[in-house]
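> have a look at this fold, sequence not included:
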């Protein structure tokens, strides 16, 4: 018994010494991790007009615009070609000094013999070359991760989405995307700097007012497309890419219940939008469909009844106040467009939407059915709605989808 107690005491003493020896290392590791995280907090992800746009200007002394263009073109072609067959230069205009590339590659979060955690990052490179300098933007970033297709960077790495209220920590689950994206951008800019022998002048930060140089005129650049994407067809839809309904990104349950949407009915002469969180996506009569609900007391109801098409639009957290406003005011006696600060646009089919939306789903009515309290099976819901004005359900064929 005594011998056993001595053995236990020896082991305890050894563990105590080991702990005391390792404690400074553990503390230092935590401090190093905290210090490293600071590099990815406010300012690490650049935004312009609510969109994630990483931008850097490079000094090319003694280079003409054409020389700068040739240098950057050579670099971009090699840089994109080494990734895969889908990455390439998709547009160039030497006279304007503009080069646009479409990139797709892996962000590897964790790799071992037993597991591999990674995501596909898709992005656009836009270079604007001038005499003596070049501006490089990396924008229109999307992620393809596990079962979630085309998650926009605005929802995955922006300050408002992924930092805590104090802006001191990255929320759980988002850190790997934000850190790896910032590292990817930094590495890309560093590679460009070395390849063309340039010196970086400045980087645009989220709080800074963007200069003219940071936002070159790229209005003539066609939207980048893939096998299931096509460029937008009107000036008002500039900046959007048309995709197939089965490629709609995001978690629709979260997008509705937490983020909300706007239902917009009417035409260019008369339209109204309302905030909604009831609805969904599905498949009916061999067609992709979306469904939503409107109470007949709402001003939007009459416009919905009189038009065949309408839109469901989705927004980032930056427009939460605008959605709150649209859900608390009536279009009968209020200029909701002016009050919300949203910018109306018209789709090629004549439906109304707003340019701040990151996702626009345009529908054509298929089924319109007024709900009845008698048809509700859930007892608590039935009691709550008995004697009250019920909503009308609209099921619409999805005829167009646009994403930014």
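It's in. Just so you know, these numbers come straight off a predicted model, no measurement behind them.
> looking at it, residue 184 is touching residue 121, isn't it?
Yes: under the criterion of C-beta atoms under 8 Å, residue 184 makes contact with residue 121 at 6.8 Å. Backbone N, C-alpha and C define where each C-beta goes, glycine included.
> what touches both of these two?
Residues touching both residue 184 and residue 121 (C-beta atoms under 8 Å, 6 or more residues apart in numbering): residue 107.
> what's the closest non-adjacent residue to residue 404?
Spatial nearest neighbour of residue 404, excluding adjacent residues (C-beta to C-beta, 6 or more residues apart in numbering): residue 358 at 4.9 Å.
> residue 284 - nearest residue in space that isn't next to it in sequence?
In space, residue 284 is closest to residue 395, 6.3 Å off (C-beta to C-beta, 6+ apart).
> and the one you found, how many neighbours does it have?
20 (other C-beta atoms under 10 Å).
> that one: what's it in contact with?
Residue 395 neighbours (C-beta under 8 Å, 6+ apart): 284, 289, 290, 291, 365, 366, 367, 368, 369.
> so the last one, which state does it fall into?
When the structure is split into helix, strand and coil by DSSP: H, G, I helix; E, B strand; the rest coil, residue 369 lands in strand.
> ok, now the second one?
With three-state DSSP as the basis, residue 289 sits in strand.
> next, the distance between the ends of stretch 89-98.
11 Å (C-alpha to C-alpha, to the nearest Å).
> start at 834, not 1
With the count now opening at 834, the last piece we talked about shows up as stretch 922-931.
> mind listing what's buried along it?
Neighbour-count burial for stretch 922-931, counted by 16 or more other C-beta atoms under 10 Å, picks out 922, 923, 924, 925, 929, 930, 931.
> show me the beta-bridge partners of residue 1074.
residue 1064, residue 1236 (DSSP bridges).
> okay, it and residue 961: tell me how far apart.
Remark: distance between residue 1074 and residue 961 (C-beta to C-beta, to the nearest Å) = 21 Å.
> could you do residue 1134 as well?
Distance from residue 1134 to residue 961, by C-beta to C-beta: 47 Å.
> please apply the same query to residue 997.
From residue 997 to residue 961 the distance is 36 Å (C-beta to C-beta).
> those two - which one has more neighbours?
Shown here are residue 997 and residue 961; by other C-beta under 10 Å, residue 961 has more neighbours (26 against 10).
> name the element the more buried one belongs to?
Residue 961 belongs to strand 949-963 when assigned by DSSP states H and E.
> so which elements touch that strand?
Secondary-structure packing of strand 949-963 (3 or more C-beta pairs under 8 Å, 6 or more residues apart in numbering; DSSP states H and E): helix 898-914, strand 931-944, strand 966-978, helix 1008-1029.
> mean pLDDT and distance to residue 1184 added to these, as TSV?
Listed next are these as TSV, based on pLDDT from 0 to 100; distance: least, C-beta to C-beta, whole Å:
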stretch	mean pLDDT	distance to residue 1184
helix 898-914	92	36
strand 931-944	90	28
strand 966-978	93	23
helix 1008-1029	93	33
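> how about these in a markdown table, adding distance to residue 881?
Shown next, in a markdown table, are those (distance: least, C-beta to C-beta, whole Å):
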| stretch | distance to residue 881 |
| --- | --- |
| helix 898-914 | 21 |
| strand 931-944 | 17 |
| strand 966-978 | 8 |
| helix 1008-1029 | 14 |
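> deepest of these, which one?
Highest mean neighbour count of the helices and strands packed on strand 949-963: strand 966-978, a mean of 22 (counted as mean count of other C-beta atoms under 10 Å).
> for the closest residue to residue 1203 other than its chain neighbours, give me its contacts.
Among residues not flanking residue 1203 along the chain, residue 1225 sits closest, at 4.8 Å (C-beta to C-beta, 6+ apart). By C-beta under 8 Å, 6+ apart, the contact list for residue 1225 reads 1126, 1127, 1128, 1129, 1134, 1201, 1202, 1203, 1204.
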